[in-house]
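# model the structure of this input:
(2 chains)
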Amino acid sequence: MTLKPEFALEIFTNIKDNFPKPLIDYWGGDIICNPVQWLLKAQDVALKVGAKYLCLAFNIDENDNEIKNSIELFLKLQDIVSMPLIIRGSGLKDFDAKFLPCLINQIKKPAIVAFAQDLNYKPIVSAVLNSSISSDLKLVLRAPIDINLSKELNILCVDYGLNPQNIIMDTDTGCVGMGLDYGYSIIERIKQAALTDVSLKHPVIVFAGEESFKAKEAKSDDFKDTRGSLKVRSFSIETATATALAMAGADIIVCENPLTIEALSSLFIEKAATL
Amino acid sequence: MTNLSVMDIFKFLPAAKKSDNANCGECGLKSCMMFAVKLSKAETDIELCPCVSDELREKFSYSKKSQQLEITLNGSLKNLIVGGEKVMYRHEKTFINPPPLLVMLNYKDSDFEDNLKRLSNYRVENIGEEFLIEGVCLKEYSKDAEQKIKDFGLNFINIDELDKLSEIKETSFPETISKLVSTRKKAVLDRDENYIKPVYIHLQDSEIKTLCAKASAYICKYASLLIFDTFDEALFTTLFILRQNIFTDPEMPLQVESKVYEFNNPDENSYVFLTTNFALSYFAVANEISNLDKGAYLVITPSEGMSVLTAWSAEKITAEIAAKIINSSDVLKNIKNKRLIIPGLLADLKEELQVALKDWEIVVGTIEAYKIPDFIKQFEN
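Numbering: from 1, shown residues only, chains lettered A, B, ... in the order given. Got it, this is the predicted structure:
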């Protein structure tokens, strides 16, 4: 098995109250409040640090008005982006069942859509199948930290008509110190099982940034000196998480801090590592 | 010694195959079974059996070879045990010896003593494990410097001790990883005696960014010890936690201690949450409530590391168990507005809890932890 992960830099359409300070410091408070500007800047940064994708997360609340606004915003952003996109919904099952199909209808360039889950895969898969660029849309299927649930969701979606070639798996991972051990081993097991089991033979995507910035350690100053500076702590939590998942065999690694991608992508720049 | 079981051996012998030479006695023992017993303890010679197959001979000689060696490095305060690994993947069997992280210092550097001070002050606890710097080496030896290291209460490791291991020198990252992986394979799968020494890496980078990525990778795949020229509290804490994750027993649910945890300096007006001691349940809830802009208590029940629903159906979380830990807590006695927020999955336990905890108002919270912030917002309105 060879390791040659691809990286995605994640940005958000909404800045919530507890948005991590290290990321505000990196981007600047003005830029992140303006999705168009942030996207343009992020695109430059992504290319510079070695990311292949830009991940656009619609981290919106459960509110039907947000659907309309988000679609308008997406149309604007789609026109100005030149990198391949990973387009991410709210993660809320009921809401994404309505929101993601609307969004998928508007996608005009090859992209990865995240994510369908056990209770909402039907409308989302249908939207992918009905898209005018159906064969160029990959769909991320997320199941919660369990290899069997992942496998089941893959099979259900294929039965529902999704082309297996277009499946990307997200096993949900946890970050370092917050259950990473589970996510790490599931990916290792999937990669081994995939040698003989076609229902697991799909690329694995991990949202290392999402997981890492859930941890208070990655965004709060409220720790003793022995835990070091927030800047290094925050960076190292995401980097250790992303690196470990890369070592387990993850194929696409989504990070929020460009410095993480810079550190990791430079390691793989020449060639793949053999496991 | 061999790690073949009696039955592993017996099935290759004539008696098991019901062939003509069954229990022939040529080996000097009464039956093939007895021969298998003796052979499994290496108390007889395999060649005494006239019917031994090449397959058994091969299995037997393989089983006698050792896998990665377990090596003790002597330290001034504490010896370090490294290596001894037997598998490639942690889901096969728990990894054995977490790689120590050593710091190498140069006593000629002007900040030598400052560094020693930082190293000796470093101490972090995470789910029941205390992290501290496991050893300090000197780039060049000096008796005075060794004494200084000891004076700071640090574990001095003489650099010669590292000769007991083999070093993998860093080249390009993919090459280094490939070398680490192939060495581990040769040690634990092929049992190739040229590769059974545990390996260490002396990280060459000084920049935290690269150091963090590389060290994380080496901890996962498969260094038995790491040496750093640079120290940073935040970096080491993260690496120690990663190491703890990778070396934890994958079959035992990771548990946190059952007690009342405090977040954001809670006081007598703070919320009180409850969940089980399954580490993932704890982390999910702790993450959310530590991000609230107010103090909170989290009561963790002793539920054998089971998640909420499993613990409930196995009766490892009952009104009695919850009441016991809540009533024995001094800090919770001072709470003015006694409201206990229980997981949504425990809604069925509400009545019983209400009976067991008469002073408390039992509030059924959310099923999923990520909804806690919204729940609290609504709760306050």
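# can you give me the strands for chain A?
Along chain A, counting by DSSP state E, strands occupy A:2-3, A:6-12, A:53-57, A:85-88, A:111-116, A:137-142, A:167-170, A:205-207, A:252-255, A:273-274.
# rank these by mean pLDDT and give me the bottom one.
Ranked by mean pLDDT, these end with strand A:273-274 at the bottom, a mean of 76.
# who does that strand pair up with?
strand A:2-3 (antiparallel) (DSSP bridges).
# and the residue of chain A found nearest chain B, how many neighbours does it have?
Relative to chain B, the nearest point of chain A is A:Gly228 (2.6 Å; C-beta to the nearest C-beta). Bear in mind the C-beta positions are built from the backbone N, C-alpha and C, glycine included. By other C-beta atoms under 10 Å in any protein chain shown, 23 other residues sit near A:Gly228.
# repeat for B:Ala187
27.
# hmm, B:Leu239 and the residue of chain A closest to chain B touching each other?
No: counting by C-beta atoms under 8 Å, A:Gly228 does not reach B:Leu239; the two are 11.5 Å apart.
# buried residues, stretch A:182-200. List them.
Judged by neighbour count (16 or more other C-beta atoms under 10 Å in any protein chain shown), stretch A:182-200 contains these buried residues: A:182-192, A:194, A:199-200.
# and stretch A:226-236, by the same measure?
Residues of stretch A:226-236 classed as buried by neighbour count (16+ other C-beta under 10 Å): A:226-230, A:232-236.
# show the average pLDDT along that stretch.
Stretch A:226-236 comes out at a mean pLDDT of 92.
# how distant is that stretch from the center of its chain?
Distance of stretch A:226-236 from its chain centroid, counting by C-alpha atoms, centre = their mean, to the nearest Å, is 23 Å.
# need the contact partners of that stretch.
Stretch A:226-236 is contacted from outside by A:20-22, A:25, A:212-213, A:217-221, A:223, A:257, A:259-260, B:121-124, B:208-209, B:212, B:232-239, using C-beta atoms under 8 Å, 6 or more residues apart in numbering or on different chains.
# quick one, what contacts whatever residue of chain B ends up closest to chain A?
Proximity to chain A, evaluated over chain B using C-beta to the nearest C-beta, is greatest for B:Ala234 at 2.6 Å. Listed by C-beta under 8 Å, 6+ apart, the contact set of B:Ala234 reads A:227-229, A:232-233, A:236.
# roughly how far apart are it and A:Ser236?
6 Å (C-beta to C-beta, to the nearest Å).
# again, but for A:Phe268
Remark: distance between A:Phe268 and A:Ser236 (C-beta to C-beta) = 19 Å.
# tell me the residues of the stretch 1-150 of chain A that contact chain B?
Within reach of chain B by C-beta under 8 Å from any C-beta of the partner chain, the stretch 1-150 of chain A has these residues: A:3, A:18, A:145.
# of the residues you listed, buried ones?
Here, 16+ other C-beta under 10 Å leaves A:3, A:145 buried among those.
# hang on, the earlier thing: got JSON lines for the buried residues of stretch A:182-200, with pLDDT and distance to B:Lys221 too?
Formatted as JSON lines, the buried residues of stretch A:182-200 follow (pLDDT from 0 to 100; distance: C-beta to C-beta, whole Å):
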{"residue": "A:Tyr182", "pLDDT": "89", "distance to B:Lys221": "18"}
{"residue": "A:Gly183", "pLDDT": "92", "distance to B:Lys221": "16"}
{"residue": "A:Tyr184", "pLDDT": "96", "distance to B:Lys221": "11"}
{"residue": "A:Ser185", "pLDDT": "95", "distance to B:Lys221": "13"}
{"residue": "A:Ile186", "pLDDT": "95", "distance to B:Lys221": "17"}
{"residue": "A:Ile187", "pLDDT": "96", "distance to B:Lys221": "13"}
{"residue": "A:Glu188", "pLDDT": "96", "distance to B:Lys221": "10"}
{"residue": "A:Arg189", "pLDDT": "96", "distance to B:Lys221": "16"}
{"residue": "A:Ile190", "pLDDT": "96", "distance to B:Lys221": "17"}
{"residue": "A:Lys191", "pLDDT": "96", "distance to B:Lys221": "13"}
{"residue": "A:Gln192", "pLDDT": "95", "distance to B:Lys221": "15"}
{"residue": "A:Ala194", "pLDDT": "96", "distance to B:Lys221": "19"}
{"residue": "A:Ser199", "pLDDT": "96", "distance to B:Lys221": "27"}
{"residue": "A:Leu200", "pLDDT": "97", "distance to B:Lys221": "21"}
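# ok so, going back, make a markdown table out of the strands of chain A and add distance to B:Asn334.
Putting these into a markdown table (distance: least, C-beta to C-beta, whole Å) gives the following:
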| stretch | distance to B:Asn334 |
| --- | --- |
| strand A:2-3 | 53 |
| strand A:6-12 | 40 |
| strand A:53-57 | 42 |
| strand A:85-88 | 44 |
| strand A:111-116 | 44 |
| strand A:137-142 | 42 |
| strand A:167-170 | 44 |
| strand A:205-207 | 41 |
| strand A:252-255 | 43 |
| strand A:273-274 | 55 |
